[in-house]
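Colleague: quick one: sequence plus predicted model below, questions after.
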Amino acid sequence: MGTSKAAPRRRTRGEIKTLPSGSLQVRVFAGTDPLTGRRNYLLETIPQGPDAANAAEKARTRLLNRVDEQRTPRTKATVDQLMDRYLELLDVDVNTRKGYEGYIRNHVRPLLGKLQVGKLNGETFDSFYAILRACRAH
């Protein structure tokens, strides 16, 4: 007589853990950073309360949805790191390279260098270009 096996349980994606404060922390894996090789996680903290477990499960589902739809930045690298990588791979004439390095050193790094690439948006670029147009040094 054959025994029927139960369907294997799928491993749940993401985790919910209780912090020392009693709040719940939701953590979902969002991929590996292509520049640094580090693992990226989306985190959200749910304050303790009577409905905290349900709210944490909803947050886990929401974060998983963001990952599945690829609406999360793939890297936490800064513009400085991206410019360094760009200059490593750049294959141009010596004079062109010097010009690019000057633009990056004088204009890009001081204004945008510390920002994460994933946080850049249209408003940031509008402000950047407004500063470039108005300031003689830039």
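Modeller: Thanks, I have it.
Colleague: over to stretch 111-121 now: how far is its first residue from its last?
Modeller: End-to-end distance of stretch 111-121: 14 Å, with C-alpha to C-alpha, to the nearest Å as the criterion.
Colleague: actually stretch 83-99, sorry about that
Modeller: So stretch 83-99: terminal residues 14 Å apart, C-alpha to C-alpha.
Colleague: and the contacts of it?
Modeller: 35, 100-101, 104, 108-109, 113 (C-beta atoms under 8 Å, 6 or more residues apart in numbering). In short, each C-beta sits where N, CA and C put it, glycine included.
Colleague: lowest-confidence entry in those residues?
Modeller: For the contacts of stretch 83-99, the weakest pLDDT value sits at Leu35, with 64.
Colleague: tell me which strands and helices the lengthiest helix in the chain is in contact with?
Modeller: Ranked by residue count, the top helix of the chain under DSSP state H comes out as helix 52-68. Helix 52-68 is packed against strand 15-18, strand 24-32, strand 39-46, with contacts defined by 3 or more C-beta pairs under 8 Å, 6 or more residues apart in numbering; DSSP states H and E.
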